[in-house]
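1. please find the sequence and the predicted model below.
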Amino acid sequence: MPLSDNKIRNPGLGEKPNKVSDFERLFILVKTSGSKSWRFKFRTNGQEKLLVIRAR
């Protein structure tokens, strides 16, 4: 399911980091402090990589 604007703005905080993802490899990691970062998993030459973009 694609990420909606409502899911991105109000992901909910918990005791553990919360991962809100779409059906592909893109997701937002919400830390317990409330900070958010976009993350994208991909493979290059058989190795898994993670691209992180911090949101303010």
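-> Sure, I can see it.

2. make it CA atoms for all contacts and neighbour counts henceforth
-> Noted.

3. over to the closest residue to E48 other than its chain neighbours. Which of the three states is it?
-> Nearest residue to E48, sequence neighbours excluded (Cα to Cα, 6 or more residues apart in numbering): F42, at 5.8 Å. Three-state assignment for F42 (DSSP: H, G, I helix; E, B strand; the rest coil): strand.

4. what ranges in the protein fall below the confidence cut-off?
-> Applying pLDDT under 70 to the chain flags the ranges 1, 55-56.

5. surely L13 and K36 touch.
-> No - counting by Cα atoms under 8 Å, L13 does not reach K36; the two are 10.8 Å apart.

6. neighbour count for those two, which is higher?
-> K36 (21 against 14; other Cα atoms under 10 Å).

7. from I53, how far out is that one?
-> Note on K36: its distance to I53, by Cα to Cα, to the nearest Å, is 9 Å.

8. likewise for N45?
-> 22 Å.

9. who's more crowded, the two?
-> The neighbour count for N45 versus I53, taken as other Cα under 10 Å, is higher for I53 (12 against 5).

10. what is the host helix or strand of the more buried one packed up against?
-> Assigned by DSSP states H and E, I53 belongs to strand 47-55. The helices and strands touching strand 47-55, judged by 3 or more Cα pairs under 8 Å, 6 or more residues apart in numbering; DSSP states H and E, are strand 36-44.
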